Every structure is written in structure tokens, then in C-alpha cells.
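Asker: All I have is the shape, not the residue letters:
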Ligand code: FES
Ligand code: FES
């Protein structure tokens, strides 16, 4: 029976009302009295030496407040990277400086060179055009493998090469892994590209810097998924400001998908310039700038080999990947192809020997960092594609081959550093087979064929690791940040509750979901609980929202803080009822003494906490407010199976997704409606990657896809209604809610299902095609058909 | 600077604009109606959709001067007279047709225009009509479902929730 309140209820979202009436408060809606506007002059070439910058004429133009160039930032720190990867030889990664405004050189199209602050945005733009910049264009390096050639142009002159690191996980000994391959009965090899993507949240980035001379306090309003992380990085590494003098506010944020995790130059610039100009300074990214400056995602080139014995058991996996870092290391760039990708190469399968090798490469392109899934889609795609190809080569059913190799006993230690706490991969596969109506596929295929179309069914599994933790292990692996989260549960005198959380909601619905948990724990109405987030001056130091962590990590902190509140409230209730604390029970918002008819309401206890006339003051402090920091003992491991049915038009190569079925195990679910929505959104992005999206550069480093005219975003008629099911549940064993996280699954699990389906369709038409790189565009499909 | 006057959400407004001021900027910056969003600079995203003289318009593609004397409706004027959500807005909430909310004003305004012309659109008519409205959060499932529901059609058959 679906519940209508508390944990498990599909509560409608309370935040919707403001968004549906135009009353949302996004960063660009914030205007500070007296604000000026900044326009950045950005490099139009991929690689050049700046010879001179002449701003004289521009500074005379109307409205210009001040013009900044790299020289104004000498002595100011650069943008830091938050994860130091150690390479296979024990050496730290190469870490180039990342200035706020270019110093001497520009290294990608969009690299900021100068910034014009003026009274109006139009004046800033006009003045920017009057700045003349003399530069010497240098050859650019775009392709990763040529970037590693001896004698290649270097992106950073003072680094040894364009290699950031050469990293290995799992079996480090090349001979040993080779032995496993030598002993194999069958080896399947696949070379593929996981193309560069642009996250493109619909809200472009915005930053507003404000400075108060009287109090020496800075405020930065910014489109961020993690305001405290931005404050720490900007204060400690870039501007050298005391954290207690800086407030970072991320109000309503219009989608993040990873790209709003990172600390960007424009945030530091607006904070810096607001003091330098003694005026608030606002920057609003255009979409064109977003394409040139938001960290991109994916961009791996991989060779994967899968070894099987003569009974079709997986015996070894070996991968070699080149991962593009772009021109600089974005905040978490280095960790994505390593600890968020290599660690996932076991997938849902028991493979005894695995070697993952990643070489991270600098090129003259926009920095690459986390984008929804971050490393895990890249791992899933290569593994699930190679398994599908192996099944075809061995002429076995691809689902049977997967089932045969499933991990079935938990906890399970993989050869690539993870310990899966729990899972049931047969369980989700059963749901998938049932909901996907696989038995009806043959009839649907016949129908498509009657219309001259090819129909294919593609299936895959996925596993992801969410809520990256614990902090001490992550730290040992190179993380320069903690990975806990925090919540303060502040009970008001009349019993309502403000919950101050470190997680940030930018579409996830925390304002609705988090109160469901607390209301259930206490037994009060959800409307009595309100979430406060996104303002470093109000909330405890939290790490924000990314990696499907909010409920698993911050939600756990909230549960712990609520438990502390309940414990204290029970003491007060015991005092009021002159009973022993151990006899107090809390149910439906009422404290009672076990075995008696004595009771006292939640509101009476909370009022007593703040009006402590009849209160055990000698044993207990007044008030009712508790904070908890929660550092998880392990990752969580959502997993599942996805199926896609496509129809391919052999005349045009056009692929249409006809059915998409998802069966996920997210552990316990608090709000099924919101979880469904998270999966839908991930599927939209995964199908977008599989069929449409591609961020392309030419050899000179020009960005060819710099707007929505050239970068194909999925639209409503590119996708079908999805079938989503998360009823197969193995609760997480190490967090109090038993939840695993659901934000990224759709984007991680769907691309291989789509491509597997396209290949299945083409093979059914007698076309000998084993792989097509994403995006599987009509052109690529048509070419494959012609071969 | 030139003076423009417009009736926006039933109220007379006026302001001074430059020749290059877009209708979207007039609404956001001059009138403070920030429910109309800006998500691109190439007229592709639809987060800026409003109605001008009853026609659906991307307000980033129209100069404020071109709308001089026009009747303009924005998301801020869509709720019922008593402040409650209108049928389309309510359907978006009921069916979780929004996540971050950034595309939402444009989606609601486009849906209103669609349902005016075509009171019972099919799924595929809705999907085609939304060609100019991008959403990065929802995968469109619940947006399409919400519009079907707002048109009074039965959505219980739509897969999942
Ligand atoms: S702002 Fe994107 S279409 Fe108008
Ligand atoms: S709800 Fe976020 S873009 Fe549509």
C-alpha cells in the first residue's frame, strides 16, 4: 500500500509552487544595489602567447569602471585541484597553475584574458571590443595520443610533458595480467571513444560579488552545488581571505549535473573585483560562454579486453584509457578517470583479475571534470559493450552470459579496491525482463520489419559507487577534501523545525524529501519541518550535492541529529511526567510512559525546552537543537539493469528509441515519485549521449559545437516514455536510512543499452557491425550499413 | 533611449529602453519579472517563452520596442485569480513535471499556447510542439505526462509515474 506521508510517500514537491509561478530566486534574479557588470574578453584561439594588451582606449569609454588583466592578479593564487593522483611509479601528478586571468599565454578557446567592469552590461561589452590584444598564435594540441608524442607542443611549458599522470589500479604487474589472458579460451577486444560532452544545465552560471567596507565582509552569490566548498577553495587557495569574512550563497540553482561543483575563475573574480571597484560586480554567463568555460565531461579513448574461460566465465579484464584533462586541472578532474572510473571496472561481475591503466593528458581544450555519473558511465559503457560483443562472438545469450558471471555473495571485495556491501543483480534483471516484455520482442521486431525498419533490443547492467567516502580513505587516495556532510536540526519553541543542511538542492527536491524523514521519525506533520540550504552563513559546513550523495550522506547526518534531538526531548518528557527516561516512548508526536496512560505532546516538550520553568536545569541545558556530521563508512552501490528497444531506418540511418525499461536497486526509497524523476532525467541525458550529443574541436582547437545550434541536446521528441522500477531493493547496510542514491543511475546505465540495441538491429538486418562510437548519429549508422 | 508601454499580466507598464533592449531584458530588468528566464543566446532553449498579443513568443528574439503597445503575458500572471495554481501549473506539480524549475516557466507558457490551439493533443503532438523548449532535468517524461493530464486526458496508462 503506498503511504501518503513520511518515508515512502510520493509527496508532491513544495518547491514547485514558487517555480511554477515565476517566483524562484535564481542567482541571475539577484541584483545588488549599485552593482556593476563584468564582461570577460576571452581567447578566440586555442593556444597563443599574449604579447601585449592595450586597454587605454577602452577605459575612456562611457560607463567603464575598471579593466583587469592578468597582471592585476599577480600574487593571487590560482584555481586549485582538489585531488592529487599518484601515478604508477609513485610520483605525484603534474599540476599546472590555473590563473584567474591568463598570464602570458592562453591555452583554450574561452580562456579569459581581460575583464571589463562597467555600469551596464552593454557598456562592458562595448568597451571589451575596444581592447586590443597582440598575440602570437602557437600550434595547438587537441588529439590526446599526439599530445603524448615526443616533441609534441606542450600545453604548459614548465611541465615535463602533456602527461598529467600514468595510473594503474588492480593488477599492477603487466606479466601477471598477461598470463591471465594467455590462459583464456576466448578474448574479446574493443576500442572505443567515450565522447566529450557539455553538461548544459539550463541555467547558465552566474556570480555576483558584494563587499561591505564597514564590516570587511564579502558575499558571493553563485550558481553552485556546494557553497562551502567554494568558500573554502576561494578563501584558502585563491584570494587568501579569512573564511569567517566570506559568505557564499547558492540560492535556487537551475540544474548542476556536476558542472556547478567546481570553483571557477569568475567566482573569484567577482569577489575580488567587488572590493577593488568598491561596487558589487555581477557576471552572467551567456550560453556561448558556457560552452567555452563550464567544465566539460567524459572524453576518454579506451581499449578494453575481456578474457573468458571455456565455460564462459570472465577471467580477466584489461583496459587502457586516455583521459582528456583539457588545458588545466579543474577542481576534481584528476579523480574522475581514476578513483571514479577505474574502481568501477569490475561492474556487477566476479572477474578475478583486473588491470586498469589511465593516462591523463593535457590538451588545448576546455578543462574536463565530473558530469552526471563522472567516470562511472565511462566504465559501464566499455564493460557492457565488450560483454555484449563477447556474447555475440560466443553465440550465447547476452543476458545469460551476464547472469552467469554476476556477483551473488556479499559483501564482495572487487580486485579494483571496492567492497560492495549488498546487491541483488538477478533481482533487478528479473524485474527488467518482466517489465521489458522481452517475450513480445519478436513480434515487435516483425512489425518493424514489415515497415522496412530494423528493430533491436539492447540490455546491460550497471553498478555505481555513490556517496564517496570515508574521508580518511579518500584522503589517503589523494582527496584534498573531507567527504562527510552535516545537518543541524533546530527545533523551535512551538515545535516546528528548521533543518540546516550542507546538501544543496538544484532540482532534487530536498525541501520536500528531507522533511518526510524527520516527520516520520518524530511523528509530526511534514509541514512543520523546513529545510534551509545553500547559504554558508546559515548552514553548518557541508560538502554539498554531487555523486548521488545527498540523502545517503547528508540525510544520514540529519537522521543522527534528529536522534540526538529525540533523546534530549525524551529526557525533558521524562521530567515532565516524572517517569524514568527509559520508559519514554515517542509515537505520532506524543511522548508516553510505557504501560501507563500518561502522555505529553511534542509541542509541550519543545516549549518546555525554551521556557524551562519546569525543567531539569541541573542535568540538562535548555533549548532543543542538535548538529551531526556524518562520515560514511563506505560508498553505497546502486545497481540495476536497463533495456532499450530501437528502430533503425536503414534508408537514413535514423535511430528512434521505441521503448526504454529501467530496473534499479536504490535500497530504500523515501519519495518514489522523485526517484522516478531522477531516473527519467538521467535516461534523457544518457540517451542524449548515445544518440545526439558531441562536443567537437577541429585540429586547430576551435570549438565546433559552441551553441545549441551545433550541440544536439535531447528534445522531447527524441525520447519515449520510460518504464522505471525500483522495487528490487537491497538496503544499504551502513547508513541509517538504508538508501543508496539515485541521481546518476540513469545517465550511467543507459548509453550501452542504446548502442547494444542499435548493433542488435543492424545485425538483424545482416549488417556485420560490431561497434559504432557515440553519438550513434544517422550519418554513422548509415556509413556502417554501407560497409 | 525610447519609451515603451505594454500591458503585462493585465497591468499597464512603461519604461525607457535602448534600441537593442530585448523584450526578455525589459521584463526581467525593467519590470523585475524574473520568472522569464534566459538560457541561451541562439533562440533555442525556450526558457524565455511568453505570450505577446496571445501568440507564443521567445522573448529573447523580440526587441522591447517591437512589443510597444502589446499585451504581454508571462508566467507571473498565470495563476488563478485567487492565487492558486492554474490547471497546467497544477498538472506540472501533480505529475512532477519539473525539477530545477529553470525551464518550467517556458514550458508552462508553451503548454498553454498548445492547449489553446489543440485542446486534446496526442503524446507525439506534445513532443513535437515542445521542440523549442529544452529541459535538462526531467527527460521530458513527466512534462509530456503533465500536459496530457492538463488537457483532461487519462494518464494512468503512462508507464511508471
Ligand atoms: S533564451 Fe533561449 S530561446 Fe530565448
Ligand atoms: S526542470 Fe530543470 S531544466 Fe527542466
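Answerer: Everything's here; your move. Since the model is a prediction, treat every value here as computed from it, not as a measurement. Ligands and ions are numbered 1, 2, ... in the order given.
Asker: Without its sequence neighbours, what residue ends up closest to residue 45?
Answerer: In the absence of a named chain, this looks at chain A. Excluding its sequence neighbours, the residue lying closest to residue A:45 (C-beta to C-beta, 6 or more residues apart in numbering or on different chains) is residue A:137, at 5.3 Å. Just so you know, the C-beta spots here come from the backbone N, C-alpha and C atoms, and that holds for glycine as well.
Asker: um, chain B though
Answerer: Among residues not flanking residue B:45 along the chain, residue B:39 sits closest, at 3.8 Å (C-beta to C-beta, 6+ apart).
Asker: I'd assumed residue B:134 was in contact with the one you found.
Answerer: Yes. With contact defined as C-beta atoms under 8 Å, residue B:39 reaches residue B:134; the gap is 7.1 Å.
Asker: can you list the weak-confidence ranges in chain B?
Answerer: B:159-161 (pLDDT under 70).
Asker: Kindly report the domain assignment for it.
Answerer: Here the domain assignment for chain B is B:2-76, B:87-150, based on automatic domain parsing.
Asker: Next, format these as a markdown table and append distance to residue A:506 and mean neighbour count.
Answerer: Below are these laid out as a markdown table (distance: least, C-beta to C-beta, whole Å; neighbours: other C-beta atoms under 10 Å in any protein chain shown):
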| stretch | distance to residue A:506 | mean neighbour count |
| --- | --- | --- |
| domain B:2-76 | 14 | 19 |
| domain B:87-150 | 5 | 24 |
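Asker: what's around the residue of the stretch 601-750 of chain A found nearest ligand 1, how many residues?
Answerer: Relative to ligand 1, the nearest point of the stretch 601-750 of chain A is residue A:708 (7.7 Å; C-beta to the nearest ligand atom). Neighbourhood size, residue A:708 [other C-beta atoms under 10 Å in any protein chain shown]: 21.
Asker: and if you look at residue A:160?
Answerer: Neighbours around residue A:160, by other C-beta under 10 Å: 8.
Asker: Would you quantify the distance from it to ligand 2?
Answerer: Distance of residue A:160 to ligand 2, given as C-beta to the nearest ligand atom, to the nearest Å: 43 Å.
Asker: cool, residue A:551 as well?
Answerer: Using C-beta to the nearest ligand atom, residue A:551 is found at 19 Å from ligand 2.
Asker: Look up the closest residue to that residue, ignoring the ones flanking it.
Answerer: Here the residue nearest residue A:551, using C-beta to C-beta, 6+ apart, is residue A:739, at 5.0 Å.
Asker: what's across from the one you found in the sheet?
Answerer: Residue A:739 has the following beta-bridge partners by DSSP bridges: residue A:667.
Asker: ok, back up a step: closest to ligand 1 out of the domains of chain B?
Answerer: Taking the domains of chain B one by one with C-beta to the nearest ligand atom, domain B:2-76 is closest: 3.2 Å.
Asker: hmm, the closest one touching ligand 2?
Answerer: No. For domain B:2-76, no contact with ligand 2 is found by C-beta under 6 Å from any ligand atom; the gap never falls below 7.8 Å.
Asker: What's the end-to-end length of that domain?
Answerer: By C-alpha to C-alpha, to the nearest Å, the extent of domain B:2-76 from end to end equals 25 Å.
Asker: is ligand 1 contacted by that domain?
Answerer: Yes. In terms of C-beta under 6 Å from any ligand atom, part of domain B:2-76 sits within range of ligand 1, namely B:38, B:39, B:40, B:43, B:44, B:45, B:46, B:47, B:48, B:58, B:60.
Asker: Report the separation between the third one and residue B:24.
Answerer: The spacing between residue B:40 and residue B:24, counted by C-beta to C-beta, to the nearest Å, is 11 Å.
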